[in-house]
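Undergrad: structure here, sequence nowhere to be found:
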């Protein structure tokens, strides 16, 4: 389906509005009349403890230093929303807009969250808009995170779902390309219009395509028609692993569960590839994409137990895709099933959602494999992995050879000259797509800064899922390690500049750099090439390392166990049956909340007056400072201790390392011997097409040395 020429109504929350725009060591200045001092003084007088406050427009972050008085010992939602009424003007709540408690949740650090929204209906996910108040077990306020940008009125839907469907179908009927296509049940959510105002919208998938149509729920305007969904590109190292070592007859490569579908689903004959489960898990229905019908509707057929041979041995694939069909359905089903279990345990949210037709019991998620065919008339091939909210589906392509369009091959991958393998083979890619489901359900948009958060957090969640499932991370530095033949992965979290971002953009390692610019707003605001700022912060605080742009060095990371708690705490777990949970709406808010979490759990000595940050708190602070999200003024304000992050040039690769031999992070084939924090020589180097093997990924992990030489591979 050709993308139609309508203005895009679902742009993200102001992409650069919350970036650190102040001076070199201070938080961004406040607009005239903003009440940082007033809010801080009022909170301190109310709670009886010192309070750090940082406001930028109608975005607020506040953190208490001490327990203060109890605000919400019982009935937290009512108590907190009533308490916030006294702070309406300071928080930027517009006149006439109702504050209402939306959800309660508990994060991985044990803090209770009460989300209070402003002008948003109870059954609509907030997308981070509102005021999130965290409480300790006794009911003391720990922090306040507020974002009310664009919330200037009470949002009330003027259209019902039925009326929205009629409006969508009538609009599709005006074009010969879309006439006759049906739409899925509309989903009510938040969107941001071109004028920056927040609106209620209905979104529906169009037929079985990868497109979506969006209509304003407040005035019925058709806002956008075109490509829907979020894209995570991935890569692979060796096709040999894919063909020889993984797959056997009929694709039975990994453990999957079958369930008799007759009477339970829309399928009524054989065993479909559906995950068995009850209402608390997801029934995963796997389909194969077979092409397009004459009316340009995508043909997707359920993959049955007895039809693997048909779907997974498609002789029409080019030799470049050898092995692409072998087991794709089984592997996709296996990893999504595992991801559903992990996300359900970790966040209390299964990946599926109730089937609007009522024909399938419980929660449902659709998977489509072999999504390689170009859509009619647009020439765009679908080789990647994509989650499409409107269609309630994850699509997996089989990879391909990324050749420039000038060679006459049509639009393939946005990575010219690289061969991508089937996307179902990498657990972190599957975990990434599942992360999009959780974030989209919480109302986070797919464009601009919100889109960067979508991609960056999904990368992190994908790596944490891989850790939980495999009990290790194969390559912590790479997203999609197995997905490109050249073995460089899709994104490099340790050294973002080593792998180009999507569509030829340089992957950014810090805000404020040339790579972070997005001159033509491609890729929904360069969401993939900018996402590495978040992924790089994750890597630095977890394993240690150096940021190439800022030179800031984290000599000791917190490790994966602590990192898992710090990152999963960003998405509080809602109670069963509650509306979707909270998600921080800006990258800066993510950093501030995470630093406050680390200080609360590991900074008791600082809170008691010691003027030195524990390494866990310092790792978080310096990682976010390294990528340009936090300034020294933010760190001082939140922790009460000046930022003392180390800086090192590329020639100072021994700073912060014990004596020993280390692989050189700047030049993978070389090594350095460190003594007393300085370079004291080196052992024989590897060949330039080889790399030095390290004992691990931590900055302080030494090179593997045998018989007086480093091991090369």
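TA: Received, thanks. This structure is a prediction, so every number in the text was calculated from the model and none was measured.

Undergrad: quick one: contacts of stretch 556-571?
TA: With contact meaning Cβ atoms under 8 Å, 6 or more residues apart in numbering, stretch 556-571 is reached by 107-109, 111, 346-347, 438, 442, 457, 460-461, 464, 467, 473, 538, 540-545, 581-584, 590, 593-594, 597-598, 601, 615-616, 619-620, 656, 698-700. Where C-beta positions appear, they are placed from N, C-alpha and C, glycine not excepted.

Undergrad: sorry, wrong one. I was asking about stretch 658-665.
TA: 494-495, 545-546, 653-654, 670-676, 682-683, 691-694, 700-703, 705, 710.

Undergrad: that older thread, list buried members of the contacts of stretch 556-571 by neighbour count.
TA: Neighbour-count burial within the contacts of stretch 556-571 applies to 107-109, 111, 346-347, 438, 442, 457, 460-461, 464, 467, 473, 538, 540-545, 581-584, 590, 593-594, 597-598, 601, 615-616, 619-620, 656, 698-700; the criterion is 16 or more other Cβ atoms under 10 Å.

Undergrad: now, those residues that are in strands?
TA: Where those overlap with strands, as defined by DSSP state E, the overlap consists of residue 545.

Undergrad: next, count neighbours for residue 689.
TA: Neighbour count of residue 689, defined by other Cβ atoms under 10 Å: 7.

Undergrad: excluding its backbone neighbours, what's nearest it?
TA: Spatial nearest neighbour of residue 689, excluding adjacent residues (Cβ to Cβ, 6 or more residues apart in numbering): residue 669 at 7.6 Å.

Undergrad: ok, that neighbour to residue 481 distance?
TA: 19 Å (Cβ to Cβ, to the nearest Å).

Undergrad: neighbour count for the two, which is higher?
TA: With neighbours defined as other Cβ under 10 Å, residue 669 and residue 481 compare such that residue 481 has more, 23 against 16.

Undergrad: if I've got this straight, residue 199 is in a strand?
TA: Yes: counting by DSSP: H, G, I helix; E, B strand; the rest coil, residue 199 is located in a strand.

Undergrad: next up, the contacts around it.
TA: 9, 155, 190, 191, 192, 193, 216, 217, 218 are the contacts of residue 199 under Cβ under 8 Å, 6+ apart.

Undergrad: same check, this time on residue 116
TA: Applying Cβ under 8 Å, 6+ apart to residue 116 gives the contacts 80, 81, 84, 99, 100, 101, 102, 130, 131, 132, 133.

Undergrad: could you flag which of those are buried?
TA: Here, 16+ other Cβ under 10 Å leaves 80, 81, 84, 99, 100, 101, 102, 130, 131, 132, 133 buried among the contacts of residue 116.

Undergrad: coming back round to it: now the contacts of residue 199 as TSV including distance to residue 125?
TA: Shown next, in TSV, are those (distance: Cβ to Cβ, whole Å):
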residue	distance to residue 125
9	17
155	13
190	7
191	12
192	14
193	18
216	17
217	14
218	17
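
Undergrad: which of those sits closest to residue 49?
TA: Closest approach to residue 49 among the contacts of residue 199 (Cβ to Cβ): residue 190, at 34.1 Å.

Undergrad: was I right about the closest one contacting residue 128?
TA: No: Residue 190 lies out of contact with residue 128 (Cβ atoms under 8 Å); the separation is 9.5 Å.

Undergrad: common neighbours of the two, please.
TA: residue 443.

Undergrad: distance of residue 597 from residue 636?
TA: Taking Cβ to Cβ, one finds residue 597 at 18 Å from residue 636.

Undergrad: ugh, wrong one, I meant residue 54
TA: 11 Å.

Undergrad: what of residue 645?
TA: Counting by Cβ to Cβ, the gap from residue 645 to residue 636 is 12 Å.

Undergrad: each with direction, which strands does the strand or helix carrying residue 202 pair with?
TA: According to DSSP states H and E, residue 202 maps onto strand 198-205. Strands that pair with strand 198-205, judged by DSSP bridges, come out as strand 187-192 (antiparallel), strand 211-216 (antiparallel).

Undergrad: any idea which of those is most buried?
TA: Most buried of the strands paired with strand 198-205 by mean neighbour count (mean count of other Cβ atoms under 10 Å) is strand 211-216; its value is a mean of 26.

Undergrad: so for it, mean pLDDT?
TA: In this model, strand 211-216 has a mean pLDDT of 82.

Undergrad: same question for stretch 675-685.
TA: 93.

Undergrad: where exactly do the helices run in the stretch 301-450 of the chain?
TA: 308-311, 328-347, 427-441, 448-470 (DSSP state H, counting those that start in this stretch).

Undergrad: check contacts around residue 601.
TA: 109, 565, 616.

Undergrad: and those as JSON lines, adding pLDDT and distance to residue 185?
TA: Shown next, in JSON lines, are the contacts of residue 601 (pLDDT from 0 to 100; distance: Cβ to Cβ, whole Å):
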{"residue": "109", "pLDDT": "83", "distance to residue 185": "37"}
{"residue": "565", "pLDDT": "94", "distance to residue 185": "37"}
{"residue": "616", "pLDDT": "96", "distance to residue 185": "46"}
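
Undergrad: looking at the residues you listed, which are in helices?
TA: Residues of the contacts of residue 601 located in helices (DSSP state H): 565, 616.

Undergrad: is it true that residue 495 touches residue 548?
TA: Yes: Residue 495 is within contact range of residue 548, at 6.9 Å (criterion: Cβ under 8 Å).

Undergrad: which residues are in contact with both of the two?
TA: residue 509.

Undergrad: residue 672 falls within a strand, correct?
TA: Yes: judged by three-state DSSP, residue 672 forms part of a strand.

Undergrad: how many neighbours does it have?
TA: Neighbours around residue 672, by other Cβ under 10 Å: 24.

Undergrad: do residue 498 as well
TA: As a burial measure, residue 498 scores 16 neighbours (other Cβ under 10 Å).

Undergrad: ok, residue 67 next?
TA: Quick note: residue 67 (other Cβ under 10 Å) scores 15 neighbours.

Undergrad: which ones are touching it?
TA: 49, 136, 138, 140.

Undergrad: quick one: it from residue 545, how far?
TA: Applying Cβ to Cβ, the value for residue 67 to residue 545 is 36 Å.

Undergrad: try residue 158
TA: From residue 158 to residue 545 the distance is 52 Å (Cβ to Cβ).

Undergrad: sorry, back to before: could I get the contacts of residue 116 as TSV with distance to residue 37 and pLDDT?
TA: Shown next, in TSV, are the contacts of residue 116 (distance: Cβ to Cβ, whole Å; pLDDT from 0 to 100):
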residue	distance to residue 37	pLDDT
80	23	96
81	25	94
84	19	96
99	23	92
100	29	89
101	28	89
102	29	84
130	24	89
131	19	93
132	22	92
133	21	95
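
Undergrad: among those, which are in strands?
TA: Going by DSSP E, the strands hold 99, 100, 101, 102, 130, 131, 132, 133 from these.

Undergrad: worst-scoring helix or strand of this structure, pLDDT-wise?
TA: helix 239-240 (a mean of 22; mean pLDDT, DSSP states H and E).

Undergrad: from residue 138, how far out is the nearest residue to residue 83 once chain neighbours are set aside?
TA: Leaving aside its sequence neighbours, residue 83 sits nearest to residue 71 (Cβ to Cβ, 6+ apart; 5.4 Å). Distance of residue 71 to residue 138, given as Cβ to Cβ: 10 Å.

Undergrad: more neighbours: which of these two?
TA: A direct count of neighbours by other Cβ under 10 Å for residue 71 and residue 138 places residue 71 higher, at 20 against 10.

Undergrad: touching, that one and residue 142? I think so.
TA: No: Residue 71 lies out of contact with residue 142 (Cβ under 8 Å); the separation is 10.4 Å.

Undergrad: where do the contact lists of those two overlap?
TA: Common neighbours of residue 71 and residue 142 (Cβ under 8 Å, 6+ apart) are residue 135.

Undergrad: and stretch 474-488, what's buried?
TA: Neighbour-count burial for stretch 474-488 [16+ other Cβ under 10 Å]: 475, 476, 477, 478, 479, 480, 481, 482, 483, 484, 485, 488.
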